[in-house]
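**Student:** Build the 3D model from these lines:
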Amino acid sequence: MTAAPHHLLSTPSPAARLPRTGQRADSLTPNQRRAMVGVIVALHAALGHGLMQVREVREAVAEVAPIFVSMVAPEKPPALPAPAVTKAPPPLQRPIVTAAPTPTPQPEQFTAPPPEPPAPPVAVAVPAPTPPAPAPAARTIPPSAVQYLEPPQLVYPRASRRASESGRVVLRVFIDEAGLPRQVLVSQSTGFPRLDEAATAAIQKARFKPYTVDGQPASGWALVPLSFDLEK
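**Tutor:** Residues are numbered from 1 along each chain as shown. Model prediction:
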């Protein structure tokens, strides 16, 4: 700080020289006026010096204070509004035209003409059939005349033997001119069907000596007996 002038230090106290309250300025003495001016100047000087000190302190603080850099993130740009989606108009559905069903052709109704009346039958003279000649009476060959060229071979059925079946059968045989048995009938049964069938089969395989009448072969019925004996 700059020291005050020496004459100010040796000057009496300004308060002592200030006019009293209620004292008019034009009544001040020259010394009082000079003292008042000096006080005013001193006050202004002190005030200016103080202001300079405050400015120097502010500048020093500004030089020493660190500089803080704040990284401010840039503001996000406002989101653009989503573009309005324009809905595509629904596809026009063409009306389905249903084809009319093809009418089934009806078969032509054919009316058959009425049938012609049948012609009257013509009477044809049919000759009366000639009645067949009466068959000659069946000849009976006597038992004594029945002779074999190949006698029957009886086969005793095993089931009949196990069942102890036995008996005598009489067969009525029609023998032709050649001595062959043409028909075989059971005239008298043994009472056991198996034995009757076995006798019939044996006669059908046999061959007889032709029966003759007046030296000519003749056919006829003959009775042929056959026996089944368990002891044989």
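**Student:** quick one: the strands in this structure?
**Tutor:** 148-150, 167-175, 181-188, 207-208, 211-213, 216-218, 220-228 (DSSP state E).
**Student:** For stretch 154-169, measure first residue to last.
**Tutor:** 12 Å (CA to CA, to the nearest Å).
**Student:** Return the set of buried residues in it.
**Tutor:** 154, 156, 160, 165, 166, 167, 169 (16 or more other CB atoms under 10 Å). In this view, the C-beta of every residue, glycine as well, is placed from N, C-alpha and C.
**Student:** Now render those as CSV, adding distance to residue 200 and pLDDT.
**Tutor:** Listed next are these as CSV, based on distance: CB to CB, whole Å; pLDDT from 0 to 100:
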residue, distance to residue 200, pLDDT
154, 11, 94
156, 14, 96
160, 14, 94
165, 16, 95
166, 17, 95
167, 14, 96
169, 8, 97
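**Student:** Narrow these to those in helices?
**Tutor:** The helices, defined by DSSP state H, take in residue 160 from these.
**Student:** Just the closest of the buried residues of stretch 154-169 to residue 29, please.
**Tutor:** residue 160 (200.9 Å; CB to CB).
**Student:** Look up the closest residue to that closest one, ignoring the ones flanking it.
**Tutor:** Counting by CB to CB, 6 or more residues apart in numbering, residue 160 lies nearest to residue 194, which is 5.0 Å off, once chain neighbours are set aside.
**Student:** And for residue 171?
**Tutor:** Counting by CB to CB, 6+ apart, the nearest residue to residue 171 once its immediate chain neighbours are dropped is residue 224, at 4.8 Å.
**Student:** Let me see the contact set for the one you found.
**Tutor:** Residues near residue 224 by CB atoms under 8 Å, 6 or more residues apart in numbering: 146, 170, 171, 172, 173, 203.
**Student:** count of neighbours near the fourth one?
**Tutor:** Think residue 172. Close neighbours of residue 172, defined as other CB atoms under 10 Å, add up to 15.
**Student:** can you tell me how far the residue nearest to residue 171 sits from residue 33?
**Tutor:** Using CB to CB, to the nearest Å, residue 224 is found at 209 Å from residue 33.
**Student:** Next: residue 182.
**Tutor:** If you go by CB to CB, the gap between residue 182 and residue 33 works out to 204 Å.
**Student:** Domains in the protein, by residue range?
**Tutor:** 6-19+28-63, 143-228 (automatic domain parsing).
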